[in-house]
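Q: what's the 3D shape of this:
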Amino acid sequence: MTDYRSLPQISYSDLALLARAPEVFKHHVVDGNKRKATKAMDFGSYFHMMVLEADEVDKHYYVSVFDEMPTGKYADFIQKQVELEQTGMLESEIFEEAKKHADLRHKDETIVKTLTEGDTGEFYDKFKKDLIAGTGKQLISKADKAKAEAMRESIRSHETARKYLFEMRADDKRKVYTELEVMWVAESQMGASVEVKSKIDRLIINTEKKRVLILDLKSTRGDNKKDFTSSLFKYQYQVQLMFYIAAASYYIQTELGQGITQYTFDGLFVAVKSDQPYQTHCFGLDDELKTEGESRYKELLEEYLTRLKNNQWRPFEYYENDGIITLSI
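A: Next comes the predicted model:
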């Protein structure tokens with residue numbers, strides 16, 4: 001199966017990166033340099049799978065013996081070492097490659113002593129055994145597993161979230177999709193076609209009542225409506241939701257062979273706080289935000305095409321103001 005992130009089409013995450021940092025977008029999306037996942041991104045992926053695809057979790061994740069995963073150069077060294085040991089590379093070559101990868105500049109004997117002797121040696125030996133036991137899977141700490149489970153139980157305690165994410169099933173009047181990947185053709189602000197992709201957490205199509213509902217699962221640090229509204233404007237969630245609604249519209253027409261004029265489309269964010277008490281809220285968008293979100297993703301597609309055509313990846317003001325970007329209050 002093809003990795004969704006490796007597919008060449010433009011995703012909403014790519015557009016969000018373009019809006020925030022065009023030069024970084026070029027580096028990763030246009031030039032193809034892989035983005036390194038952050039700890040928060042790794043946890044988000046694990047949490048999503050635990051909620052949306054619980055049967056798949058054990059196939060992809062291995063729970064570590066550690067409450068917090070080891071980090072730092074020695075941990076990087078061991079991870080690379082275990083990875084290279086699977087290739088049949090000579091032990092001496094593995095050591096040098098792992099040292100280079102981790103940017104360890106100590107003497108070889110110091111590295112060996114740190115990794116094999118005393119409490120640190122015992123610690124790193126335990127970590128290496130963890131990595132070997134979880135070969136082919138991603139390690140998750142015991143603390144992150146417990147947190148994700150608590151967050152999932154919070155969703156179950158919210159009547160609406162539980163209904164749509166855990167209880168609703170497909171039948172002859174309703175289609176239910178989870179982590180649905182849609183490759184589609186979007187229209188930019190000026191009407192140009194752009195090949196894009198979307199991965200929708202949960203898509204519910206009621207073919208009898210002609211209603212479509214998209215659910216997007218978010219882990220958040222906010223406590224209330226005000227906090228989530230702040231996050232919404234910071235990360236442009238309204239743009240993301242309208243991008244997904246356009247993908248769902250395309251899917252219904254092309255994959256299900258149905259017209260969409262009679263359908264109504266809506267979306268909900270299921271937002272779960274990522275620390276205690278892990279409260280869950282469901283948030284929708286008003287019509288003004290929906291209109292703004294649709295307009296904005298089309299603007300971003302147009303900006304992408306313009307920048308690609310002109311090979312201009314600095315802020316537009318740079319080109320319009322002799323390389324000077326003016327700051328203001």
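Q: what's the single longest helix in the protein?
A: Using DSSP state H, we find that the single longest helix of the chain is helix 287-310.
Q: just checking, next helix/strand downstream of it?
A: Note on helix 287-310: by DSSP states H and E, the next helix or strand toward the C-terminus is helix 316-320.
Q: for that next one, packing partners?
A: Using 3 or more C-beta pairs under 8 Å, 6 or more residues apart in numbering; DSSP states H and E, no helix or strand is in contact with helix 316-320. (Glycine included, C-beta is placed from N, CA and C.)
Q: which parts of this protein are strands?
A: Using DSSP state E, the strands found in the chain span residues 61-63, 138-140, 174-187, 193-206, 211-220, 264-273, 280-283.
Q: and stretch 228-242, end to end?
A: Taking C-alpha to C-alpha, to the nearest Å as the measure, stretch 228-242 stretches 17 Å from start to finish.
Q: K137: neighbour count?
A: Using other C-beta atoms under 10 Å, K137 has 15 other residues around it.
Q: how near is it to L131?
A: According to C-beta to C-beta, to the nearest Å, K137 and L131 sit 10 Å apart.
Q: what residues does stretch 240-254 touch?
A: By C-beta atoms under 8 Å, 6 or more residues apart in numbering, the surrounding residues in contact with stretch 240-254 are 12, 15-16, 180, 182, 184-186, 196, 198, 200, 203, 205, 212, 214, 216, 258-260, 263, 265, 267, 269, 285, 290, 293-294, 296-297.
Q: whoops, I mixed them up, stretch 110-122
A: Residues from elsewhere that reach stretch 110-122, judged by C-beta under 8 Å, 6+ apart: Y74, F77, I78, K99, L104, H106, Y124, D125.
Q: what's the answer for stretch 5-25, then?
A: Applying C-beta under 8 Å, 6+ apart, the external contacts of stretch 5-25 come out as 28-29, 183, 194-199, 235-236, 239-240, 243-244, 297, 300-301, 303-304, 307, 313-315.
Q: what about 7 Å?
A: Contact partners of stretch 5-25, identified using C-beta atoms under 7 Å, 6 or more residues apart in numbering, comprise 28-29, 183, 194-198, 235-236, 240, 243, 297, 300, 303-304, 307, 313-314.
Q: what about L232, distance to L301?
A: According to C-beta to C-beta, L232 stands 20 Å off from L301.
Q: same question for D125.
A: For D125 relative to L301 (C-beta to C-beta), the value is 51 Å.
Q: okay, the two: which has more neighbours?
A: The residue with more neighbours, out of D125 and L301, is L301; 23 against 13, by other C-beta under 10 Å.
Q: residue contacts, the more buried one?
A: A186, S188, Q189, V194.
Q: can you check the pLDDT for it?
A: Here, the pLDDT recorded for L301 equals 97.
Q: and the closest residue to H27 other than its chain neighbours, how many neighbours does it have?
A: Distance criterion C-beta to C-beta, 6 or more residues apart in numbering; nearest residue to H27, sequence neighbours excluded, is N33 at 5.3 Å. Neighbour count of N33, defined by other C-beta under 10 Å: 11.
Q: and the pLDDT at M1?
A: Here the pLDDT value assigned to M1 is 45.
Q: in the longest helix of the chain, which residues are buried?
A: 289-290, 293-294, 296-305, 307 (16 or more other C-beta atoms under 10 Å).
Q: gap between the residue in the chain sticking out farthest from the centre and G88?
A: Largest separation from the mean C-alpha position in the chain: E109, at 40.4 Å (C-alpha atoms, centre = their mean). Note on E109: its distance to G88, by C-beta to C-beta, is 26 Å.
Q: now A271
A: According to C-beta to C-beta, A271 and G88 sit 47 Å apart.
Q: with L52 instead?
A: Taking C-beta to C-beta, one finds L52 at 37 Å from G88.
Q: which one's more surrounded, those two?
A: In this comparison of L52 against G88, neighbours counted by other C-beta under 10 Å, the higher total goes to L52 at 16 against 7.
Q: give me the beta-bridge partners of the residue nearest to the more buried one when sequence neighbours are not counted?
A: Distance criterion C-beta to C-beta, 6+ apart; nearest residue to L52, sequence neighbours excluded, is T178 at 5.1 Å. For T178, the beta-bridge assignment (DSSP bridges) gives partners R202.
Q: number of residues surrounding T178?
A: T178: 14 neighbours (other C-beta under 10 Å).
Q: was I right about it contacting E53?
A: Yes - taking contacts as C-beta atoms under 7 Å, T178 lies within contact range of E53: 6.5 Å.
Q: ok so, going back, let me know the angle separating the longest helix of the chain from strand 264-273.
A: Here the directions of helix 287-310 and strand 264-273 differ by 90 degrees (axes from the mean of the first three to the mean of the last three C-alpha atoms, to 10 degrees).
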